[in-house]
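Colleague: kindly generate the corresponding structure for this input.
(one chain, ligands or ions: 2)
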Amino acid sequence: MKIIDCQVFVSCPGRNFVTLKLTTDNGLVGWGDATLNGRELAVASYLRDHLCPLLIGREVMNTEDTWQYFYKGAYWRRGPVTMTAIGAIDVALWDLKGKALDTPVYNLLGGRSRDRLLVYTHAQGQDLDDTLTAVATAQAAGYRAIRVQSGVPGLGKIYGIGSGDAYEPVSKGVRPEEETWRTEPYLRFVPELFAAVRKEFGPDLLLLHDSHHRLTPIEAARLAQDLEPYHLFWLEDTVPAEHQASFRLIREKTVTPLAVGEVFNTLHDCQQLVSEQLIDYLRMTVSHGGGLTPMMKIAHFAEPYHVKTGCHGPSDISPIALAACLHFGTAVNNFGIQEYMGYADATEAAFSHDYSFGDGYLHVGDAPGLGIEFDEATANAQPYAPAYLPVNRLEDGTMFDW
Ligand code: EZ4
Ligand code: CO
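Modeller: Residues are numbered from 1 along each chain as shown. Ligands and ions are numbered 1, 2, ... in the order given. Below is the predicted model:
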């Protein structure tokens with residue numbers, strides 16, 4: 001079974017997505033997600049101009065060799081653009097393997113390790129009261145785990161406080177919006193926020209929080225200590241993720257569980273974090289981590305170090321990538337939790353899927369492959385328009401982490 005056609009669609013069904021379609025000589029179609037928020041066209045070009053021509057004629061079943069061919073064969077390894085492009089191909093090949101063998105992808109990855117996957121969703125508000133209402137709404141919708149983000153008194157628009165719909169923050173147009181940040185009010189307010197949430201919702205609700213890479217190690221240690229009484233499920237992305245040794249300092253100071261890795265692309269980004277047991281959850285996601293082939297290796301590597309998976313699953317990766325995460329999470333023993341924000345109606349209309357949400361869990365389907373189909377006509381009627389994540393500066397104008 002060989003690849004005879006490789007197409008890349010850049011469209012905007014609810015938001016910008018890059019979707020890869022592979023066709024085989026026996027008439028099967030496989031889907032991959034190549035969306036990299038704010039850098040969509042770079043991945044589309046990497047696929048169209050460099051990888052697709054080399055994919056024609058390759059054997060579908062040889063996922064390991066094809067992955068190595070594109071990873072090693074480029075000479076220029078790693079990085080989000082490269083790894084997202086390779087990831088889209090790898091996921092589409094696994095989708096094809098499942099369809100050819102008439103079985104869901106998780107059966108090819110080790111079979112079912114669990115019946116359903118615990119998910120967390122987002123609750124956000126402009127202020128504390130608003131945020132408590134959002135947590136109540138998420139709980140009423142069935143979620144058992146909720147990421148809580150709130151506007152901070154004294155600060156303007158900040159990360160995590162969007163319009164409230166199932167949409168990751170983007171500024172439409174050719175330039176990103178700019179936000180302004182001060183760390184001290186944030187560090188004072190977040191423990192108050194979680195005190196209020198615990199008081200209102202009791203001990204059972206699983207609570208998460210994302211600092212979005214804005215803290216220094218010592219600030220992160222302070223926040224993690226101050227949050228200890230509220231028993232978070234995890235504290236995410238405290239410090240910029242590049243410097244793995246930073247986590248030693250944080251880890252020594254706190255028992256708050258730590259998560260990081262949504263911006264990682266390879267095992268090399270997290271090898272020290274995992275092998276020194278500096279984190280509890282690894283946020284690398286299947287589409288940005290080079291696909292199912294490397295993610296299975298990373299999960300197996302992390303398992304003896306007590307590090308669990310916690311795949312990034314915002315609405316800026318498509319339902320194809322979410323489905324890949326669900327098949328991965330179904331198969332590995334050290335699954336932790338899956339992020340799930342839901343999708344805009346226009347996105348749901350373009351991607352049909354057999355996974356479903358219920359009772360705080362995502363339930364993977366039993367359709368062959370990933371259980372996803374992409375409606376090209378519907379999606380392509382909504383053309384790509386440039387959109388960027390915001391950028392962030394300190395009050396004196398210093399460029400800062402967003
Ligand atoms: O900022 O997906 O945990 N989720 C996050 C997301 C990321 C966006 C980047 O495109 O941190 O909100
Ligand atoms: Co995050």
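
Colleague: what residues are up against the spatially most central residue of the chain?
Modeller: What sits nearest the mean C-alpha location of the chain, by C-alpha atoms, centre = their mean, is residue 312, with 2.0 Å. By C-beta atoms under 8 Å, 6 or more residues apart in numbering, the contact list for residue 312 reads 261, 262, 283, 284, 285, 288, 339. (Each C-beta comes from the backbone N, C-alpha and C, glycine too.)

Colleague: next up, the contacts around residue 299.
Modeller: 309, 328, 332, 334.

Colleague: which ones are touching the residue in the chain positioned nearest to ligand 2?
Modeller: Of all residues in the chain, residue 210 sits closest to ligand 2, at 4.3 Å by C-beta to the ion. Listed by C-beta under 8 Å, 6+ apart, the contact partners of residue 210 are 147, 149, 159, 160, 236, 237.

Colleague: filter the contacts of residue 312 down to the ones near ligand 1?
Modeller: Within the set of the contacts of residue 312, contact with ligand 1 (C-beta under 6 Å from any ligand atom) is found for 262, 339.

Colleague: now the two most distant members of the contacts of residue 312.
Modeller: Largest separation among these by C-beta to C-beta: 288 and 339, giving 12.8 Å.

Colleague: more neighbours: which of the two?
Modeller: The neighbour comparison of residue 288 against residue 339 (other C-beta atoms under 10 Å) goes to residue 288, with 28 against 25.

Colleague: okay, the more buried one: pLDDT?
Modeller: Predicted confidence (pLDDT) at residue 288: the value is 98.

Colleague: swap in residue 173?
Modeller: pLDDT, residue 173: 80.

Colleague: that one: neighbouring residues, count only.
Modeller: 11.

Colleague: where's the residue nearest to it when sequence neighbours are not counted relative to residue 246, distance?
Modeller: In this structure, residue 173 finds its nearest non-sequential neighbour in residue 386, 6.5 Å apart by C-beta to C-beta, 6 or more residues apart in numbering. The gap separating residue 386 from residue 246 is 33 Å, by C-beta to C-beta, to the nearest Å.

Colleague: higher neighbour count, those two?
Modeller: residue 246 (21 against 15).

Colleague: quick check: phi and psi on the more buried one?
Modeller: Backbone geometry at residue 246, expressed as degrees, to the nearest 10, gives phi -50, psi -30.

Colleague: thought it was touching residue 219?
Modeller: No. Assessed by C-beta atoms under 8 Å, residue 246 is found out of contact with residue 219, at 11.0 Å.

Colleague: domains of this protein?
Modeller: 3-103, 108-369 (automatic domain parsing).

Colleague: how long is the first one from one end to the other?
Modeller: Which is domain 3-103. End-to-end distance for domain 3-103, by C-alpha to C-alpha, to the nearest Å: 20 Å.

Colleague: and residue 223, what does it touch?
Modeller: 187, 190, 191, 211, 215, 235, 238.

Colleague: closest to ligand 1 among those residues?
Modeller: Nearest to ligand 1 among those is residue 211, at 9.6 Å by C-beta to the nearest ligand atom.

Colleague: that closest one contacts residue 234, correct?
Modeller: No. Counting by C-beta under 8 Å, residue 211 stays clear of residue 234, with 11.0 Å between them.

Colleague: which of the two has more neighbours?
Modeller: Taking neighbours as other C-beta under 10 Å, residue 211 and residue 234 compare with residue 234 leading, 26 against 23.

Colleague: need the next SSE after the longest helix anywhere in the chain, C-terminal direction.
Modeller: Longest helix in the chain, counting residues (DSSP state H): helix 80-101. Heading C-terminal from helix 80-101, the first helix or strand you meet, by DSSP states H and E, is helix 105-108.

Colleague: on that earlier part again, my guess is the residue nearest to the centre of the chain is in a helix, correct?
Modeller: No. Secondary structure assignment (DSSP: H, G, I helix; E, B strand; the rest coil) places residue 312 in coil, not in a helix.

Colleague: ok, it to residue 180 distance?
Modeller: Per C-beta to C-beta, residue 312 is found 26 Å from residue 180.

Colleague: likewise residue 274?
Modeller: 35 Å.

Colleague: more neighbours, those two?
Modeller: The neighbour count for residue 274 versus residue 180, taken as other C-beta under 10 Å, is higher for residue 274 (21 against 15).

Colleague: all helices for the stretch 1-150 of the chain, in order.
Modeller: With DSSP state H, counting those that start in this stretch as the criterion, the stretch 1-150 of the chain has helices at 40-45, 52-55, 63-73, 80-101, 105-108, 128-140.

Colleague: what average pLDDT does the longest one get?
Modeller: It refers to helix 80-101. Average pLDDT, helix 80-101: 98.

Colleague: other SSEs contacting it?
Modeller: strand 17-24, strand 29-33, helix 40-45, helix 63-73, helix 105-108, helix 292-302, helix 319-331 (3 or more C-beta pairs under 8 Å, 6 or more residues apart in numbering; DSSP states H and E).

Colleague: which parts of the stretch 201-350 of the chain are strands?
Modeller: Counting by DSSP state E, counting those that start in this stretch, the stretch 201-350 of the chain has strands at residues 206-210, 234-236, 258-260, 281-282, 308-309, 338-339.

Colleague: as a markdown table, the ones you listed with mean pLDDT would be great.
Modeller: Listed next are the strands of the stretch 201-350 of the chain as a markdown table, based on pLDDT from 0 to 100:
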| stretch | mean pLDDT |
| --- | --- |
| strand 206-210 | 98 |
| strand 234-236 | 98 |
| strand 258-260 | 98 |
| strand 281-282 | 98 |
| strand 308-309 | 98 |
| strand 338-339 | 98 |
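
Colleague: which one of those strands lies nearest to residue 95?
Modeller: Closest to residue 95 of those is strand 338-339 (C-beta to C-beta; 18.6 Å).

Colleague: what pairs with that closest one, parallel or antiparallel?
Modeller: In the sheet, strand 338-339 lines up against strand 117-125 (parallel) (DSSP bridges).

Colleague: per-residue pLDDT of the closest residue to ligand 1 within the stretch 201-350 of the chain, please?
Modeller: With C-beta to the nearest ligand atom as the measure, residue 314 is the residue of the stretch 201-350 of the chain nearest to ligand 1, at 3.5 Å. Residue 314 carries a pLDDT value of 95.
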